[in-house]
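K.L.:
A predicted structure for the sequence below; I have some questions about it.
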Amino acid sequence: MKLNRLKVSEETSKNLSSLKAKTGLTPNILCRIAFCLSLEDPTLPNPAHYPPTSEREIERPVLTGHWDRMFVALIKVRCEQDGLPTDDDTLGLYFRAHIGRGVMLLHKRVRRIHDLALLMPSEVRAELDLALPEASAEENEIDGGHDEA
């Protein structure tokens, strides 16, 4: 994947700013989480919905860190599963699309840092013995039913 820096859409940039204010996490960490969240969705994101229109750019080494090869492998496998080519341009296009969609999903589900833990399956939360504050019924909807095995 030739992508050296990720330029995101205006909506993605605004959502990243909002998520940073809510969670205190930097945009590169939020994008990593968002990418994985989008991969969980079996539908194909439409790259046209996430054009590189904002001024926000994230350098690839900052975005993927020590896990660059893992992120490249994940997008490559996902493109193969979706019947897409795995050339550098396609990988970069869908990497941005998955991040854009994932940031949108995060923005809908996360109101504070603790909500990120609700994205994990309940078994993982139990294994980690995460002490979360009691959530209201509305907050439990953030989980989106991902607790079922």
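P.N.:
Thanks, I have it. As the structure is a computational prediction, the values presented were derived from the model and not from experiment.
K.L.:
if I look at the residue nearest to L84 when sequence neighbours are not counted, how far off is S54?
P.N.:
Nearest non-adjacent residue to L84, counting by C-beta to C-beta, 6 or more residues apart in numbering: T90, 5.6 Å away. Quick note: C-beta positions are derived from backbone N, CA and C, even for glycine. Distance check for T90 against S54: by C-beta to C-beta, to the nearest Å, it reads 22 Å.
K.L.:
Could you do R125 as well?
P.N.:
34 Å.
K.L.:
The residue nearest to L84 - that's part of a helix, no?
P.N.:
Yes: T90 forms part of a helix when assessed by DSSP: H, G, I helix; E, B strand; the rest coil.
K.L.:
buried sites along stretch 18-28?
P.N.:
Within stretch 18-28, the residues scored as buried using 16 or more other C-beta atoms under 10 Å are L19, K22, T23, L25, P27, N28.
K.L.:
Now find how far off-centre it is within its chain.
P.N.:
13 Å (C-alpha atoms, centre = their mean, to the nearest Å).
K.L.:
contacting residues around that stretch?
P.N.:
Applying C-beta atoms under 8 Å, 6 or more residues apart in numbering, the contact partners of stretch 18-28 are 16, 30, 33, 56, 58, 62-63, 65, 103, 106-107, 110-113, 116.
K.L.:
Just the C-alphas of the helix or strand hosting L30, formatted as CSV.
P.N.:
Per DSSP states H and E: L30 is located in helix 27-40. Output of helix 27-40 as CSV, limited to C-alpha atoms (Å, rounded to 0.1, in the frame of the first residue of the first chain):
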residue,chain,number,x,y,z
PRO,A,27,-6.9,11.0,16.2
ASN,A,28,-4.4,8.3,15.2
ILE,A,29,-5.5,6.0,18.0
LEU,A,30,-9.2,6.7,17.3
CYS,A,31,-8.5,5.9,13.6
ARG,A,32,-7.0,2.5,14.6
ILE,A,33,-10.0,1.6,16.6
ALA,A,34,-12.4,2.9,13.9
PHE,A,35,-10.7,0.9,11.2
CYS,A,36,-11.2,-2.3,13.2
LEU,A,37,-14.8,-1.4,14.0
SER,A,38,-15.5,-0.9,10.3
LEU,A,39,-13.9,-4.2,9.4
GLU,A,40,-16.4,-5.9,11.7
